[in-house]
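K.L.:
Model the following, please.
(chains A and B)
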Number of protein chains: 2
Amino acid sequence: MTLSQVRAIPLGGVGEVGRNMWALECGDEIVILDCGVMFPEEDMLGIDLVLPDIAYLRDKTDRIKGILLSHGHEDHIGAIPYLLADLGFPPIYGSRLTMGLLQGKLKEHRLLDKAKLVTFQLGEPFEVGTWTVEPFAVAHSIPDAAGFGITTPAGLVVYLTDWKLDHTPALGRPTDVATLSALGRRRPVALLTDCVRVESPGYTPSEATVGESFDQIFAIAPGRIIVATFASNISRVQQVIESAEAYGRRIVLLGRSMERNSKIALDLGYLKAKPETLIRPNQMAQFDDDQIAVVCTGSQGEPMAVLNRLANRDHAQVKIQPGDTVVFSATPIPGNETSVSRVINNLFRLGADVIYGADAGVHVSGHAAQEELRFLLALLRPVTVVPFYGEYRHMVLYRNLVAQMTGLQPQPQVLIPEPGGVLAFDQMQGAQVGTVPVGFVFVDGGVLDEDSGVETVIRDRQLLARDGMLFIVVSIDAETGAISGGPDVVSRGFVQMRQNPELLAATEEAVRKTLAEISRGAHGATVTQADTHFIAAKIKEQVADLLKRKTRRHPMVLPLILAV
Amino acid sequence: MTLSQVRAIPLGGVGEVGRNMWALECGDEIVILDCGVMFPEEDMLGIDLVLPDIAYLRDKTDRIKGILLSHGHEDHIGAIPYLLADLGFPPIYGSRLTMGLLQGKLKEHRLLDKAKLVTFQLGEPFEVGTWTVEPFAVAHSIPDAAGFGITTPAGLVVYLTDWKLDHTPALGRPTDVATLSALGRRRPVALLTDCVRVESPGYTPSEATVGESFDQIFAIAPGRIIVATFASNISRVQQVIESAEAYGRRIVLLGRSMERNSKIALDLGYLKAKPETLIRPNQMAQFDDDQIAVVCTGSQGEPMAVLNRLANRDHAQVKIQPGDTVVFSATPIPGNETSVSRVINNLFRLGADVIYGADAGVHVSGHAAQEELRFLLALLRPVTVVPFYGEYRHMVLYRNLVAQMTGLQPQPQVLIPEPGGVLAFDQMQGAQVGTVPVGFVFVDGGVLDEDSGVETVIRDRQLLARDGMLFIVVSIDAETGAISGGPDVVSRGFVQMRQNPELLAATEEAVRKTLAEISRGAHGATVTQADTHFIAAKIKEQVADLLKRKTRRHPMVLPLILAV
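P.N.:
Reported below is the predicted structural model:
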């Protein structure tokens, strides 16, 4: 391949958020940008994770010089444990916090010994193969995030995703506009950048505004304060810590991923708390309610995460009570609106005050809005810009946004990528010059959600015929959650079930037992609708666990709950 | 029962929007307020409609003096054809347009002869039993909407739902604040009112602002304009007509319910159009693209409605092409966000420009925001106020909103209703004094969506065991939509299928044929994800139709599409 062109190929999604992964090629060298997982969409029945497709790279592992990681979020580093071996264990480059979070994952997957991890300093260039990479600071909802100026033989490529300007971030450094300006003077051949907030006018507010809102809540809340946010939003956790310390509250972290991420960030010094601030759940009884704050998972209404367990009275250590204030410090990801709404309603039913929504000031996005996207183009003036990390409509609107910048001479060319589309850039132009096969790769079979802790099994959906599928059909009373019909167990391709009436009986019994337990723990007379999502997730968890113990197999379990 | 109290019982939902129905009782007399259907929530698998539960009224039909209808929307009149006989055919009172829309429904259900329909004039009181009812004008997204002042022996009850102030409505009259003020001087014992927009500060903008946005779009759109809105939003259709006539476009109405409602509103003189404005689809070829506007169903991303058929190239008369401008003149109902987003992405992929979202100014709500809700209380000053037509959180926030109105002396008492909760009111106070059983009543078995035209079958979910269930499991390629596994047909309780291998083969063939047809009509190479919702709906439609023809039975058909 010629050295006068650099090529970029998206191996993950471009038309949906997540499983970010690019292969950047020039000459014989390949550098990979990010390696993330996507959480499945609602119509991907029974699927737990979606990975990028690295088929294109399988016979080219000797050419892969390294993997550059922009920051420590799942949709940028989560696929590494699944794909690293197939990529031939190339060196992985990341900032200190990103590496800390990655190490935890690699350890769980017993890959830490084999992985070559290189920690870079923001602002200090390093070599990958024959290329020079300049990592620069980026403000996002996690500290130590990086953008990259990548000097290839064919020119400079800038990779900048998951960023906003934010001159007053809660943690970490503001976006390094001086370096962006310096890179701009070199006229990049390509900018790969996110466009997910192109529908929002103006500038994204600073993280600092969230801290002010927290202070107002902490100043007057009469009882416990429970803040739900993403486990990966380290900056937000820091803001809760700061408000808690200012107003004399201790903090309990709840949720496996919340505890794990916070511990890493504390150990590395990114999260800062007084020694006495963080307490264990069993220490809560020593404090008054207005001396306690809880930070937990479940801000997206995930059925099995901490917050929905609280809303369903399914948590051993915390019971929601009148006087509690619950804060949703996150925006529902598209598709999660109904789940979030259900959790809010149920928390209100249990007597809590609930603070949520855009007007409450308790969340800001980590992504750049329209004026920031324009600012970046004015600063960088790339020959070609490739928007990604957004739905198709976002990419089209980004193209319109660039077209409106008639004062920018010459105007950057906008290329809308598609998965597997081979984009080639030089000093004059960018163009799609071909495609490579890129599909979906699914992970299924045990990861119920971030809080379940069940072992992960990677499998291709095509192989499901081997382990089979199990439908569990139950009718329940829409008000009480009691069984009104079934359970009927229907298996396809799961041979053990057909040959084993005892296993069938045990499965049905597990379903009945799960429903009885949920029913006992339910809210009581004030609940007007059973939470079928929670019930389905509990049944899936219990049945998958039973079948794994009894048969060592992992059929896909699909509970169908009919609320009657 | 005493004449010193009036009682109100919600027989439909209160914690979800839809199936509005109240029984108002005083002494021996009962008056029913509205009688609506709810469209099912996502977890009500296979269900097409949800009705109020009139079990409480079954032995009291001789005491029912009448049904008052506030306006012609489905969630206020849609259940009448299903419940009227069981209610003993009491007289139904409504405004002229409401009655026009209801007559169409009753005719389809062959009930028009038996129904007693009484048309009232806004502002002219009438008697129902021994009570006096004063209907007054209300601005909403359909003209001829009414609120009611109801004088019972125990005092005045005001029923005002689905309203906003709007001094410049597109059609019909503004909300009659003079009558509200007069009713307020009589100190109502109770106000029953909607609270669904209590999260929105300020005032809901006037419908007139939408007309201005339409004008701006019609002035510059280079090709066809396609406006999607609710078929029941007669005011919005009028605004499209006015902009079209101002900018020299003809209008095509697409979608069964859109055509039916518009015809009724035209016949009654509520919709106004020049004779030449409305054309048939087959006349479109006579005009240039910039002389055509389409008004269609599907603004909620419903899989089988017109707009999603357009987005999936499944419409015989209209093919989306570059130059088309598609306008979403509606806000996604919670739960529909992902479906709407999918349709938007696919329309962009086909080259259309798409205008959507709160900032576009092409939709305003028909419901009152915070300041309007406060204004109503200041004007009416009821002893007790019952918020409904909102989720549980809306009712709690409404209670908080009232509590903040410390200048209102005495403050109204707020009662949060629950389905079947018996609320009693007198001059001093209101209280829940008991409950009656109220559950969900489902309609299932053929209504695929508003555009399918399939005959409706009413059945209780409990009786499903008789007709049985059919799961159809198909794996498809996530990118092309081609079959990659199955179809597997699994039946439960549907005896015919087990005894009849030919029927099984015919069912599988119908699925294969449907998928092949969709695949042929698909967008081509630019589509990165098959529309599994559309595929599932098409399969359900085709298989249900086949089984009905072959067996005269209506098993619940649940397609499970695995996108691989």
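K.L.:
The stretch 51-200 of chain A against chain B: which residues are in contact?
P.N.:
When proximity is defined by Cβ under 8 Å from any Cβ of the partner chain, the stretch 51-200 of chain A lies next to chain B at A:E199. Quick note: C-beta positions are derived from backbone N, CA and C, even for glycine.
K.L.:
Try it again at 10 Å.
P.N.:
A:199-200 (Cβ under 10 Å from any Cβ of the partner chain).
K.L.:
Let me know whether A:E207 touches A:L165 as I believe.
P.N.:
No. Between A:E207 and A:L165 there is no contact under Cβ atoms under 10 Å: 11.3 Å.
K.L.:
the more surrounded of those two?
P.N.:
Per other Cβ atoms under 10 Å in any protein chain shown, whichever of A:E207 and A:L165 has more neighbours is A:E207, with 25 against 19.
K.L.:
picking that back up, could you name every residue contacting both of A:E207 and A:L165?
P.N.:
A:A139 (Cβ atoms under 10 Å, 6 or more residues apart in numbering or on different chains).
K.L.:
which ones are touching the residue lying closest to A:D166 once chain neighbours are set aside?
P.N.:
Nearest in space to A:D166, with sequence neighbours left out and distances taken as Cβ to Cβ, 6 or more residues apart in numbering or on different chains, is A:A139 at 3.8 Å. With contact taken as Cβ under 10 Å, 6+ apart, A:A139 is in contact with A:145, A:162-176, A:204, A:206-207, A:235, A:366, A:368.
K.L.:
For the residues you listed, I'd like a selection string for ChimeraX - just the buried members, please.
P.N.:
The ChimeraX command for the buried members of the contacts of A:A139 (criterion: 16 or more other Cβ atoms under 10 Å in any protein chain shown) is given here:
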select /A:145,162,163,164,165,166,169,170,171,172,173,175,176,204,206,207,235,366,368
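K.L.:
what number of residues lie near A:P275?
P.N.:
A:P275 has 5 nearby residues by other Cβ under 10 Å.
K.L.:
That one and chain B, how far apart?
P.N.:
The spacing between A:P275 and chain B, counted by Cβ to the nearest Cβ, to the nearest Å, is 38 Å.
K.L.:
Can you classify that residue as helix, strand or coil?
P.N.:
coil (DSSP: H, G, I helix; E, B strand; the rest coil).
K.L.:
Now do the contacts for it.
P.N.:
Contacts for A:P275 (Cβ under 10 Å, 6+ apart) come out as none.
K.L.:
Ramachandran coordinates for it?
P.N.:
phi -60, psi -40 (degrees, to the nearest 10).
K.L.:
Check A:Y159 too.
P.N.:
Recorded main-chain torsions at A:Y159 are phi -110, psi 110, according to degrees, to the nearest 10.
K.L.:
leaving aside the residues next to it on the chain, what's closest to it?
P.N.:
Ranked by Cβ to Cβ, 6+ apart and with sequence neighbours excluded, the top spatial neighbour of A:Y159 is A:F148, at 4.6 Å.
K.L.:
To which secondary structure element is the one you found assigned?
P.N.:
Counting by DSSP states H and E, the element that carries A:F148 is strand A:145-152.
K.L.:
Which positions within that strand qualify as buried?
P.N.:
A:145-152.
K.L.:
Same check on stretch A:403-423?
P.N.:
For stretch A:403-423, by 16+ other Cβ under 10 Å, it's A:412-423.
K.L.:
same thing with stretch A:319-327?
P.N.:
Buried residues in stretch A:319-327, counted by 16+ other Cβ under 10 Å: A:320, A:324-327.
K.L.:
Check what contacts stretch A:398-412 and list those residues.
P.N.:
A:188, A:190-191, A:193-196, A:198-199, A:370, A:373-374, A:377-378, A:380-388, A:390, A:413-416, A:430, B:353.
K.L.:
Show me just the buried residues among these.
P.N.:
A:188, A:190-191, A:193-196, A:198-199, A:370, A:373-374, A:377, A:380-388, A:390, A:413-416, A:430, B:353.
K.L.:
can you list the buried residues of strand A:145-152 in TSV and add distance to A:R512 and pLDDT?
P.N.:
Putting these into TSV (distance: Cβ to Cβ, whole Å; pLDDT from 0 to 100) gives the following:
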residue	distance to A:R512	pLDDT
A:A145	48	97
A:A146	52	98
A:G147	54	98
A:F148	55	98
A:G149	60	98
A:I150	58	98
A:T151	64	98
A:T152	62	98
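K.L.:
separation between the residue nearest to A:Y159 and chain B?
P.N.:
26 Å.
K.L.:
Also A:P81?
P.N.:
22 Å.
K.L.:
likewise A:S243?
P.N.:
23 Å.
K.L.:
Touching, that residue and A:V237? I think so.
P.N.:
No. In this structure, A:S243 is not within contact of A:V237 by Cβ under 10 Å, at 11.1 Å.
K.L.:
More neighbours: those two, which one.
P.N.:
Neighbour totals were compared for A:S243 and A:V237, and A:V237 leads with 28 against 24 (other Cβ under 10 Å).
K.L.:
in a strand, that's where that one is, yeah?
P.N.:
No. Under three-state DSSP, A:V237 sits outside any strand and is assigned helix.
K.L.:
Show the average pLDDT along the longest strand along chain A.
P.N.:
Determined from DSSP state E, the single longest strand within chain A is strand A:483-492. The average pLDDT for strand A:483-492 rounds to 76.
K.L.:
The helix or strand hosting A:A505 near chain B anywhere?
P.N.:
If you go by DSSP H and E, A:A505 is part of helix A:501-521. No. In terms of Cβ under 10 Å from any Cβ, no part of helix A:501-521 sits within range of chain B; the closest distance is 13.8 Å.
K.L.:
List the neighbouring strands of the strand holding A:F148 plus their orientation.
P.N.:
If you go by DSSP bridges, strand A:145-152 pairs up with strand A:131-138 (antiparallel), strand A:155-160 (antiparallel).
K.L.:
Include mean pLDDT and mean neighbour count when you put those strands into JSON lines, please.
P.N.:
Below are the strands paired with strand A:145-152 laid out as JSON lines (pLDDT from 0 to 100; neighbours: other Cβ atoms under 10 Å in any protein chain shown):
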{"stretch": "strand A:131-138", "mean pLDDT": "98", "mean neighbour count": "22"}
{"stretch": "strand A:155-160", "mean pLDDT": "98", "mean neighbour count": "24"}
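K.L.:
With distance to B:T297 added, can I get those strands in CSV?
P.N.:
Formatted as CSV, these follow (distance: least, Cβ to Cβ, whole Å):
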stretch, distance to B:T297
strand A:131-138, 44
strand A:155-160, 42
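K.L.:
For A:D289, which of those is the nearest?
P.N.:
Across the strands paired with strand A:145-152, A:D289 has its closest neighbour in strand A:131-138 (39.0 Å, Cβ to Cβ).
K.L.:
Quick one: distance of that closest one to the chain centre.
P.N.:
In terms of Cα atoms, centre = their mean, to the nearest Å, the centre of strand A:131-138 is found 23 Å from the chain centre.
K.L.:
What of stretch A:144-164?
P.N.:
21 Å.
K.L.:
Walk me through the domains of chain A.
P.N.:
Domains of chain A are assigned by automatic domain parsing as A:6-202+A:365-442, A:208-360, A:461-563.
K.L.:
For B:E517, which of the ones you listed is the nearest?
P.N.:
Comparing the domains of chain A under Cβ to Cβ, the one sitting nearest is domain A:6-202+A:365-442, at 19.8 Å.
K.L.:
Helix or strand with the lowest mean pLDDT in chain A?
P.N.:
None of the helices or strands of chain A scores lower by mean pLDDT, DSSP states H and E than helix A:464-467, at a mean of 56.
K.L.:
Heading C-terminal from it, find the next helix or strand.
P.N.:
That would be, after helix A:464-467 and using DSSP H and E, strand A:469-476.
K.L.:
what's the average pLDDT for that next one?
P.N.:
Per-region confidence: strand A:469-476 scores 78 on mean pLDDT.
K.L.:
on contacts alone, who are the packing partners of it?
P.N.:
strand A:483-492, helix A:501-521, helix A:532-551, strand A:556-563, strand B:469-476, strand B:483-492, strand B:556-563 (3 or more Cβ pairs under 10 Å, 6 or more residues apart in numbering or on different chains; DSSP states H and E).
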